[in-house]
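Visitor: Fold the following.
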Amino acid sequence: MTAATSKTAIATEQASPYLQQLCKHFAHKLPVKFDEHDGQITFSIGECRLKADGAALHIDLAAPKAEDMEQLKDVVIRHLVRFAFREELQVDWQDA
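Guide: Numbers count the residues shown, from 1 in each chain. Model prediction:
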């Protein structure tokens, strides 16, 4: 069982609002740090780092156990898609 990492850049002009919405949502239950451009959410199964710029929301995930990565991706993207219902987001994970 080795650690796993994955990242994606999702093209959207709403990167900063989505980052803040995701972080505020998870802050009710999990350790979270964020500002307009950077965010970090600590899940029991791994870590999610977010970065917003004018063109995209960048998401970097790290899971201590490789078998947790799919669940981590699913949780983050499911919530993001719920917040971003006004647009169709293209998510293309790059696993390391």
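Visitor: Now whichever strand or helix holds Leu22: buried residues?
Guide: Using DSSP states H and E, the element containing Leu22 is helix 15-26. Within helix 15-26, the residues scored as buried using 16 or more other C-beta atoms under 10 Å are 15-16, 18-23, 25-26. Every C-beta, even on glycine, is put in place using the N, C-alpha and C of the backbone.
Visitor: what does stretch 85-92 give?
Guide: Result for stretch 85-92 [16+ other C-beta under 10 Å]: buried residues Leu89.
Visitor: ok so, going back, go ahead and name everything in contact with the helix holding Leu22.
Guide: Residues from elsewhere that reach helix 15-26, judged by C-beta atoms under 8 Å, 6 or more residues apart in numbering: 12, 32-34, 36-39, 41, 50-57, 76, 79-80, 83-84.
Visitor: Which of those residues fall within strands?
Guide: In this view, these that belong to strands under DSSP state E are 32-34, 38-39, 41, 50-52, 56-57.
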